[in-house]
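Colleague: Please find the sequence and the predicted model below.
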Amino acid sequence: MLSSKPVDTPMDPNVKLTVEDGEPLNDPEKYRRLVGKLNYLTITLPNIAFSASVVSQFLPSPKITHWNAVIRILRYLKGNPGHGLVYRDYGHRRVEGFSDADWAGSLVDRRSTTGYCVFVCGNLVSWKSKKQSVVSRSSAEFEYRAMAHTTCELMWVRQLLTEIGFTEGSPMQLRCDNQTAIHISSNPVFHERTKHIEVDCHFVREKIQQGLISSCHMKTGEQLADIFSKSLGNVRVQYLCNKLGMRDIYAPT
């Protein structure tokens with residue numbers, strides 16, 4: 001891929017991959033090995049977390065179109081060889097999480113994709129892009145389910161910070177761009193919109209009542225977890241990478 005032409009985004013926003021899309025790949029093992037390496041790269045490169053999660057869904061029977069999607073990720077990495085996370089002192093000790101989801105984004109089973117990221121002292125320390133285990137019946141449900149996953153991660157980060165002697169008295173902030181999901185997490189009364197949601201999701205409300213988490217609404221355009229739940233255009237990808245704290249060490253100063 002050294003002579004390939006770089007691209008600006010890891011995935012084409014206009015392309016939706018399916019299981020039966022295209023001809024079977026002659027060497028599926030080659031596809032699996034490469035996807036495994038890309039998943040390893042997501043440990044340090046949050047900007048390819050969503051695309052690596054998507055191509056991982058076709059490991060049992062990859063097609064040529066799936067292989068082309070993997071090659072596009074490589075072309076994106078070739079155009080950004082110096083991209084990485086930069087950690088610095090932002091002058092505060094807040095712990096905050098951003099939660100987002102893409103409703104029925106998968107054409108295979110119509111399940112939503114959860115995306116979240118967690119910041120400690122203004123620095124990105126944890127992120128995830130994963131398809132939800134059930135089909136959501138409403139936008140409130142899939143956003144609320146994403147909030148539950150983010151709350152799990154926030155509680156784990158809090159426990160880890162406590163073990164190493166880092167304490168912060170203020171509640172951790174959980175940011176979401178869906179006002180209905182935030183209302184459900186704060187309202188102790190069940191109603192028609194929530195009675196079909198599994199009980200395990202409602203522990204978000206419990207953590208809010210305990211004062212460990214504070215939920216707040218944010219504008220969709222400022223949702224940093226957007227890059228973990230859907231494929232985006234070039235301008236949006238660059239904006240979110242910058243907000244996540246990613247810098248190019250080869251960029252001119």
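Modeller: Done, it's in. What you see is a predicted model; the values in this text were computed from it and never measured.

Colleague: Past the one helix or strand Asn242 maps to, which element shows up next along the chain?
Modeller: Secondary structure assigned from DSSP states H and E places Asn242 in helix 234-243. Counting by DSSP H and E, the element after helix 234-243 in chain order, helix or strand, is strand 246-248.

Colleague: and that next one, which strands flank it?
Modeller: Using DSSP bridges, the strands paired with strand 246-248 are strand 83-85 (antiparallel).

Colleague: Name the residues of the strand or helix carrying Ile184 that are buried.
Modeller: Per DSSP H and E, Ile184 falls inside helix 179-186. The neighbour-count check on helix 179-186 (16 or more other C-beta atoms under 10 Å) flags Thr180, Ala181, Ile182, Ile184, Ser185 as buried. Using the backbone N, CA and C atoms, a C-beta is placed for each residue, glycine as well.

Colleague: hang on, isn't the last one packed against Tyr144?
Modeller: When you say that, I think you mean Ser185. Yes - here Ser185 reaches Tyr144: they are 6.8 Å apart, a contact under C-beta atoms under 8 Å.

Colleague: So, low pLDDT: which residues of the stretch 1-150 of the chain?
Modeller: Scanning the stretch 1-150 of the chain for pLDDT under 70 picks out the ranges 104-110, 136-139.

Colleague: Quick one: the helices in it, in order.
Modeller: Counting by DSSP state H, counting those that start in this stretch, the segments of the stretch 1-150 of the chain that form helices are 28-41, 49-55, 64-79, 139-163.

Colleague: hmm, who's touching the second one?
Modeller: Residues lying outside helix 49-55 but in contact with it, judged by C-beta atoms under 8 Å, 6 or more residues apart in numbering, are 10-11, 17, 35, 38-39, 41-42, 66, 69-70, 72-73, 76, 113, 115, 127-131, 227-231.

Colleague: that older thread, tell me what the helix holding Ile184 is packed against?
Modeller: The helices and strands touching helix 179-186, judged by 3 or more C-beta pairs under 8 Å, 6 or more residues apart in numbering; DSSP states H and E, are helix 139-163, helix 203-209, strand 213-217.

Colleague: could you redo the last one with a cut-off of 10 Å?
Modeller: Helix 179-186 sits against strand 95-102, helix 139-163, strand 172-176, helix 203-209, strand 213-217, with contacts defined as 3 or more C-beta pairs under 10 Å, 6 or more residues apart in numbering; DSSP states H and E.

Colleague: Count the neighbours of Leu25 for me.
Modeller: 17 (other C-beta atoms under 10 Å).

Colleague: any idea how far Asp226 lies from Leu124?
Modeller: In this view, Asp226 and Leu124 are 14 Å apart by C-beta to C-beta, to the nearest Å.

Colleague: Met155 too?
Modeller: Taking C-beta to C-beta, one finds Met155 at 18 Å from Leu124.

Colleague: Show me which of these two is the more surrounded one.
Modeller: Leu124 (19 against 15).

Colleague: What number of residues are in the vicinity of Tyr90?
Modeller: With other C-beta under 10 Å as criterion, Tyr90 counts 12.

Colleague: er, Glu143 actually
Modeller: That count, for Glu143 with other C-beta under 10 Å as the rule, works out to 25.

Colleague: Can you verify my assumption that it contacts Gln179?
Modeller: Yes - contact criterion C-beta atoms under 10 Å: Glu143 and Gln179 qualify, at 9.5 Å.

Colleague: pull the CA atoms of the helix holding Asn242 into PDB?
Modeller: Output of helix 234-243 as PDB, limited to C-alpha atoms (Å, rounded to 0.1, in the frame of the first residue of the first chain):
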ATOM      1  CA  ASN A 234     -13.900  14.800   5.800                       C
ATOM      2  CA  VAL A 235     -14.600  18.100   7.500                       C
ATOM      3  CA  ARG A 236     -16.400  16.400  10.400                       C
ATOM      4  CA  VAL A 237     -13.700  13.800  10.900                       C
ATOM      5  CA  GLN A 238     -11.000  16.400  11.100                       C
ATOM      6  CA  TYR A 239     -13.000  18.500  13.500                       C
ATOM      7  CA  LEU A 240     -13.700  15.600  15.900                       C
ATOM      8  CA  CYS A 241     -10.100  14.300  15.700                       C
ATOM      9  CA  ASN A 242      -8.900  17.700  16.800                       C
ATOM     10  CA  LYS A 243     -11.500  17.800  19.600                       C
END
